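J.: what shape does this take:
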Amino acid sequence: MDNEKLIKTTIATYDAIAEQYANDFFNNERKEQFAHEFSNTIKQGGKVLDVACGCGGMSKVLAENGLKVTGIDLSTRMLQIAKTNVPNVDFEIGDMRNLRFDDNEFDGLVAISAIIHLPQNDVLPTLQEFRRVLKPNGKLGLMLSIVDQSFERVEKEVYDPTLDIFYRHFSLDEIKELLKQTGFAKTSFQIEPHIDEDSGEQVTRLYAIAELEKELLKNVYMRQQHGTEKV
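T.: Numbering: from 1, shown residues only. Presented below is the predicted three-dimensional model:
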């Protein structure tokens, strides 16, 4: 299955399970705690992009903390639920791999269980897109499960095993290297054992807040200009 088919299959699965997913995950205590932690790094009234926003739970808390939030997702059903649950946030169809927004538009960007649905060769260009729309010293918030060795595969959706969903499972080393390559030098990591809400299995969950570092960012741009980094 090619990359676009993997993405489309995953979107269709989220459309199908949207109501169940929202019932279970719209209110999530640890995610809300992370939203508060991230909000504390952004100036009051700052602009934040919530990519793969799903049913809007993260966007809701960010907006309650005084931030101007835009949420994007490729699941139309998830967005319908988000718009109903969080009417004070702007939600729209959007692909995190190809953001419609201007350079340096946002003070922060959150990607909650988002890049886990990207095939490997889409991950670095997507992080470069995140970097593009963030202001210098902008903040990136990531939440995802990590494993010892990275791998990717199509899995059966727990809510409905007749449906397929694509996952990339990242190692901590891979995440650190990807952030370094894209100019996110100042990063705080929280690594916690966690019971996966879908499978009931114990996993390791990563919460990261990364800041674009001006000097490293300048070096990244220089490498791009000399053709040594793929954009």
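
J.: only C-alpha atoms from now on, for both contacts and neighbour counts.
T.: Noted.

J.: strands of the chain, residue ranges please.
T.: 47-51, 68-73, 90-93, 106-112, 134-147, 151-156, 164-171, 184-195, 202-212 (DSSP state E).

J.: packing partners of the shortest one?
T.: In terms of contacts (3 or more C-alpha pairs under 8 Å, 6 or more residues apart in numbering; DSSP states H and E), strand 90-93 is packed against strand 68-73, helix 76-85.

J.: who wins for proximity to Ser150 among those?
T.: Closest of the helices and strands packed on strand 90-93 to Ser150 is strand 68-73, at 24.7 Å (criterion: C-alpha to C-alpha).

J.: just checking: what are the partner strands of that closest one?
T.: Paired with strand 68-73 in the same sheet, following DSSP bridges, are strand 47-51 (parallel), strand 90-93 (parallel).

J.: between strand 106-112 and it, find me the angle.
T.: Per axes from the mean of the first three to the mean of the last three C-alpha atoms, to 10 degrees, the angle that strand 68-73 makes with strand 106-112 is 40 degrees.

J.: can you start the count at 24 instead of 1 from here on
T.: All right, first residue 24 from here; so that's strand 91-96.

J.: I'd say Pro142 and Glu175 touch.
T.: Yes - between Pro142 and Glu175 a contact is recorded at 7.3 Å, counting by C-alpha atoms under 8 Å.

J.: more neighbours: the two, which one.
T.: For the pair Pro142 and Glu175, the greater number of neighbours falls to Pro142 (20 against 15), based on other C-alpha atoms under 10 Å.

J.: any idea how many residues pack against Tyr230?
T.: For Tyr230, the number of neighbouring residues by other C-alpha under 10 Å comes to 17.

J.: ugh, wrong one, I meant Arg155
T.: Arg155: 18 surrounding residues under other C-alpha under 10 Å.

J.: quick one: the nearest residue to it once chain neighbours are set aside and Val226, what's the gap?
T.: Using C-alpha to C-alpha, 6 or more residues apart in numbering and skipping residues adjacent in sequence, the residue nearest Arg155 is Asp126, 5.3 Å away. Distance, Asp126 to Val226, by C-alpha to C-alpha, to the nearest Å: 36 Å.

J.: weakest of the strands of the chain in terms of mean pLDDT?
T.: Least confident of the strands of the chain, judged by mean pLDDT, is strand 207-218 with a mean of 86.
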